[in-house]
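Colleague: What follows is a predicted structure for the sequence shown.
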Amino acid sequence: MTSLQQKVSEYSGVQFEDAFIIDSIHICKFEKEDAIQNQYQFFVQRMGGPPLYSQRRGHPALIARHRPFPVTHPAAERWLHHMQQALDNTEGIDANSKTTMMNFFRHTAFFLVAGDEMTKQR
């Protein structure tokens, strides 16, 4: 008999143990509110708003800042899933803007995966 977790892994492509590790690592390394603030300020800055992130934390240096996290393909897909859900549940953003944002999120997620892999090869 297939367990619920096995079925979820089959559908999502994320193994059961990785799903919880990804979520707990992202939440446990920082307070959740700090992580939300960091992400919010980074995206405001990156999408043309004021440099809130850099004023508070300095240069984004994404690869270096994500070094403590398991930046893997499954982790990227999990993060993208959360970002898609957030966009789907946010009213007032037109479809074209949502597509543009998801393209940016996808590029950024796999920029970090590639950067992590290349850093580990050195």
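Modeller: Yep, that arrived. Keep in mind that what you see is a predicted model, and the values were worked out from it rather than measured.

Colleague: CA atoms for contacts and neighbours, from now on please.
Modeller: OK.

Colleague: quick one: contacts for the residue nearest the centre of the chain?
Modeller: Residue closest to the mean C-alpha point of the chain, counted by C-alpha atoms, centre = their mean, is Trp79 at 3.8 Å. Applying C-alpha atoms under 8 Å, 6 or more residues apart in numbering, we find Trp79 in contact with Ala109.

Colleague: what's in contact with stretch 90-107?
Modeller: Contacts with stretch 90-107, where a contact means C-alpha under 8 Å, 6+ apart, come from Leu80, Met83, Gln84, Leu87.

Colleague: nope, stretch 45-64 is what I meant
Modeller: Contacting residues not belonging to stretch 45-64 are listed as Asn38, Gln41, Phe42, Val44, Leu112, Gly115, Asp116 [C-alpha under 8 Å, 6+ apart].

Colleague: quick revisit: separation between the residue nearest to the centre of the chain and Arg56?
Modeller: Between Trp79 and Arg56 the computed distance is 24 Å (C-alpha to C-alpha, to the nearest Å).

Colleague: need the longest helix for the chain.
Modeller: Secondary structure of the chain read by DSSP state H shows that its longest helix is helix 95-121.

Colleague: Output the below-cut-off pLDDT ranges for the chain.
Modeller: Along the chain, the parts satisfying pLDDT under 70 run over 1-32, 122.

Colleague: ok, 80 please
Modeller: Within the chain, the segments meeting pLDDT under 80 span 1-36, 68-70, 116-122.

Colleague: about what we covered before: element containing the residue nearest to the centre of the chain, please.
Modeller: Trp79 is located in helix 73-88, with elements delineated by DSSP states H and E.

Colleague: if we can go back for a sec, His73: which of the contacts of stretch 45-64 is nearest?
Modeller: Comparing these against His73 with C-alpha to C-alpha places Leu112 closest, at 9.6 Å.

Colleague: What's the local residue count around the closest one?
Modeller: Neighbour count for Leu112, taken as other C-alpha atoms under 10 Å: 21.
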